[in-house]
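Asks: Output the structure for:
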Amino acid sequence: MSRDPRELAWQKFQSHTFTEPAPDLAPYVARYWMVEWDYEEPYRQLIVPYPNVHLTFHADSTNLNGVSSGHVFQVLDGRKSVFGVAFRPGMFRPFLGRAVSTITDRVIPAAEVFTGMPVRYAVAEVEDFLRANLPEPDGKAELAAQVVERITTAPEIVRVDALAKEFDTTVRQLQRLFAEHVGVGPKWVIRRYRLHEVTEQMATGSKIDWACLAADLGYADQAHFTRDFTRMFGETPTRYAERY
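Replies: Okay, here's the model as predicted:
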């Protein structure tokens, strides 16, 4: 299958802006983001998932995007933009009021959860809106966020049982915590961040020993690694590496 040449020159058609949240909202919000694009012909944008719930403001709608369990494609056309709020993994359940797994792989109207939508989709107005909707503190959500944060900063963690031991809990309890507060399982989150580290290696242009890498990441063999990577990123590792 031939590659759309715009995939390797996306910066000619898109701009991305990221803003850190105010300190009082940082426990809940990872970042704000804005994407603007200009395409004369429709373009299929590959979107690779992270375990964040997103609140997205479009010209004609405001949505809540649950965590995606795999890659998705979004068709971009014309000259448009989207403003988004990326919530910290583990910290959206207090807003939602039910298990975050109930919106995994789903997009729902934001009005089902939030009230008093902002008139302007700019950081200051959105932060005032979030403050007006802040939930009560939730210790379980904070624990879930802490566990995810540990995964992101500890590349040596490749197994759920090792993670459970570190937090003095069981695999089953960790799975229940993640279903309730993250929306995907701890194994999924571990694999996602370890695969992210693979793409960082790709970006350096260094030669990768795929079989050795698969073993380091806890895969039984290279074939299992390739299937997992393709499911997450939509392409085999070698094809995805062409993006760099």
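Asks: going forward, measure contacts and count neighbours with C-alpha atoms only.
Replies: OK.
Asks: Okay, now the unreliable bits of this protein?
Replies: Where the chain drops to pLDDT under 70, the residues are 1.
Asks: Any buried residues in the strand ranked longest in it, and which?
Replies: Taking DSSP state E as the criterion, the chain has its longest strand at strand 29-47. Neighbour counts over strand 29-47 (16 or more other Cα atoms under 10 Å) mark Val29, Ala30, Arg31, Tyr32, Trp33, Met34, Trp37, Asp38, Tyr43 as buried.
Asks: From the centroid of the protein, which residue is nearest?
Replies: Centroid-nearest residue in the chain, with Cα atoms, centre = their mean: Tyr50, separated by 2.0 Å.
Asks: Contact partners for that one?
Replies: Val67, Ser68, Val189, Arg192 (Cα atoms under 8 Å, 6 or more residues apart in numbering).
Asks: What of Ala30?
Replies: Glu20, Pro21, Val85, Ala86, Phe87, Arg88 are the contacts of Ala30 under Cα under 8 Å, 6+ apart.
Asks: Show me where this protein has its strands.
Replies: Counting by DSSP E, the strands of the chain are 14-19, 29-47, 54-57, 62-65, 72-87, 107-109.
Asks: In terms of secondary structure, what does the third one contact?
Replies: Think strand 54-57. Applying 3 or more Cα pairs under 8 Å, 6 or more residues apart in numbering; DSSP states H and E, one finds that strand 54-57 makes contact with strand 62-65, strand 72-87.
Asks: Is it possible to get TSV of those strands that adds distance to Glu156 and mean neighbour count?
Replies: Converted to TSV, the helices and strands packed on strand 54-57 look like this (distance: least, Cα to Cα, whole Å; neighbours: other Cα atoms under 10 Å):
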stretch	distance to Glu156	mean neighbour count
strand 62-65	30	20
strand 72-87	25	17
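Asks: all helices of the chain, in order?
Replies: 93-96, 123-132, 139-153, 160-166, 171-181, 186-204, 210-216, 222-233, 237-241 (DSSP state H).
Asks: Turn those into JSON lines, including mean neighbour count.
Replies: Compiled in JSON lines, the helices of the chain are given as follows (neighbours: other Cα atoms under 10 Å):
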{"stretch": "helix 93-96", "mean neighbour count": "18"}
{"stretch": "helix 123-132", "mean neighbour count": "16"}
{"stretch": "helix 139-153", "mean neighbour count": "18"}
{"stretch": "helix 160-166", "mean neighbour count": "16"}
{"stretch": "helix 171-181", "mean neighbour count": "19"}
{"stretch": "helix 186-204", "mean neighbour count": "18"}
{"stretch": "helix 210-216", "mean neighbour count": "15"}
{"stretch": "helix 222-233", "mean neighbour count": "18"}
{"stretch": "helix 237-241", "mean neighbour count": "15"}
